[in-house]
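Visitor: Predicted model and sequence follow; I will ask about them next.
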Amino acid sequence: MTPKVSIIIPLYYAENLLLSLFDSLEEIAISNKDVFSVEVVFVDDGSKDRTFELVREIRPKYFTFKAIRLARNFKSYIAILAGINEATGDYITFLPQDLQEPPELVEQLFAQIQQGYDVAWAVRNTRADAWLDKMFSHLFHRFMHWLWEDWPSTGADMFMITRAVANVLLSMQEKNSHISGQILWSGFRQTRMFYDRRKRKVGKSGWSFWKKIELAVSVITQFSYFPIRACTGMGIILAFAGFLYGISIIVNRLTFQISVEGWAATMVVMLVIGGFQLIFLGVIGEYLWRTFDEVRKRPVYIVMEKIEG
């Protein structure tokens, strides 16, 4: 009996992409029918267009499918997690709706994971994106690699995992996280392969600059204590500098070398210290908010509608 591979497809305003996506999924299923069967799990992440209505109309010949519609936009990580919860395959992977990641990666990842691994990563070698996107991605992934050596320095957004790894991910139930970081954190036997990311052919990315910043903050605070440690280090440096400045003031006062002037210096010191204090409070607030969001125990996502293909 051939194993089953579940392919999760997070959808967000994808009505113009579904036709090419459907054709690619059929090609994957046809070309690998003797190696593995294909189950596709579509997850509509709160689209307001006709995406889910079009999913209802698909009639695949070579793969089975399920589809769920989330009550609102919960973001791609949560959409993938919802798809994992619905998937029934022995192995689970996902494809972005824009197909910038080549669909043939599915069979390549399957070949890798058959060599005795629990996780197979597709690591970006090059990416055909706008220079600003490439620069932001490069800086983020380099920084994450500096913080966490296991994090690929060029980024790895596509993976294939076994059912055992999927069960671990489902047990975490974290809202403000990143699935790549969770897989890396979980351990297991992992391998990597490299690929070139394609240029987007249709539409534009739903990832705005501020969404990317929000994601970066979530990932850094979820998997690293570096911001807190950095605040502690800067606080110690400022305290030491303030101590030395205080000694200088005392010495000058005792030797009658303090002049009446000094308002500008005092204001500079107050503004600098006040600015650092606000930064520190902001960093602490980021961690506290994420803690509060987790302990409220609200559902990670809400399914509004489901299709069993």
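Guide: Ah, there it is.
Visitor: Next one: the residue nearest to residue 158 when sequence neighbours are not counted from residue 191, what distance?
Guide: Distances taken as CB to CB, 6 or more residues apart in numbering put residue 122 closest to residue 158, at 4.1 Å, once the chain neighbours are dropped. Where you see a C-beta, it was placed from the backbone N, CA and C, and this is true even at glycine. Between residue 122 and residue 191 the computed distance is 11 Å (CB to CB, to the nearest Å).
Visitor: Which one of the two is surrounded by more residues?
Guide: More crowded of residue 122 and residue 191, by other CB atoms under 10 Å: residue 122, with 24 against 14.
Visitor: Who are the packing partners of the helix or strand hosting that one?
Guide: Taking DSSP states H and E as the definition, residue 122 sits inside strand 119-127. Helices and strands touching strand 119-127, by 3 or more CB pairs under 8 Å, 6 or more residues apart in numbering; DSSP states H and E, are helix 105-113, helix 131-147, strand 158-162, strand 190-197.
Visitor: now that strand: how far from the chain's centre is it?
Guide: Here strand 119-127 is found 14 Å from its chain centre; the criterion is CA atoms, centre = their mean, to the nearest Å.
Visitor: average pLDDT for that strand?
Guide: Strand 119-127 comes out with an average pLDDT of 79.
Visitor: Measure how it sits relative to strand 190-197, angle-wise.
Guide: Here the directions of strand 119-127 and strand 190-197 differ by 30 degrees (axes from the mean of the first three to the mean of the last three CA atoms, to 10 degrees).
Visitor: Direction included, what does strand 119-127 pair up with?
Guide: Strands that pair with strand 119-127, judged by DSSP bridges, come out as strand 158-162 (antiparallel), strand 190-197 (parallel).
Visitor: Show me what counts as buried in the longest one.
Guide: When you say that, I think you mean strand 190-197. Under the neighbour-count criterion of 16 or more other CB atoms under 10 Å, strand 190-197 has 190, 193, 195, 197 buried.
Visitor: Residue 61 - that's part of a helix, no?
Guide: No - counting by DSSP: H, G, I helix; E, B strand; the rest coil, one finds residue 61 to be coil, located in no helix.
Visitor: From residue 233, how far out is the closest residue to it other than its chain neighbours?
Guide: Using CB to CB, 6+ apart and skipping residues adjacent in sequence, the residue nearest residue 61 is residue 26, 6.8 Å away. Residue 26 sits 55 Å away from residue 233, going by CB to CB.
Visitor: Looking at these two now, which is surrounded by more residues?
Guide: In terms of neighbours (other CB under 10 Å), residue 26 is the more surrounded of residue 26 and residue 233; the figures are 17 against 10.
Visitor: these two touch, right, the more buried one and residue 65?
Guide: No - taking contacts as CB atoms under 8 Å, residue 26 lies outside contact range of residue 65: 11.0 Å.
Visitor: shared neighbours of the two, anything?
Guide: Counting by CB atoms under 8 Å, 6 or more residues apart in numbering, residue 26 and residue 65 have no contacts in common.
Visitor: before we move on, back to that, so who does the residue nearest to residue 158 touch?
Guide: Taking CB under 8 Å, 6+ apart as the test, what residue 122 contacts is 101, 105, 108, 109, 156, 157, 158, 159, 192, 193, 194, 195.
Visitor: how's this structure carved up into domains?
Guide: Taking automatic domain parsing as the reference, the chain has its domains at 4-144+152-209+299-308, 226-295.
Visitor: Redo those domains as JSON lines? Include distance to residue 220.
Guide: Compiled in JSON lines, the domains of the chain are given as follows (distance: least, CB to CB, whole Å):
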{"stretch": "domain 4-144+152-209+299-308", "distance to residue 220": "7"}
{"stretch": "domain 226-295", "distance to residue 220": "7"}
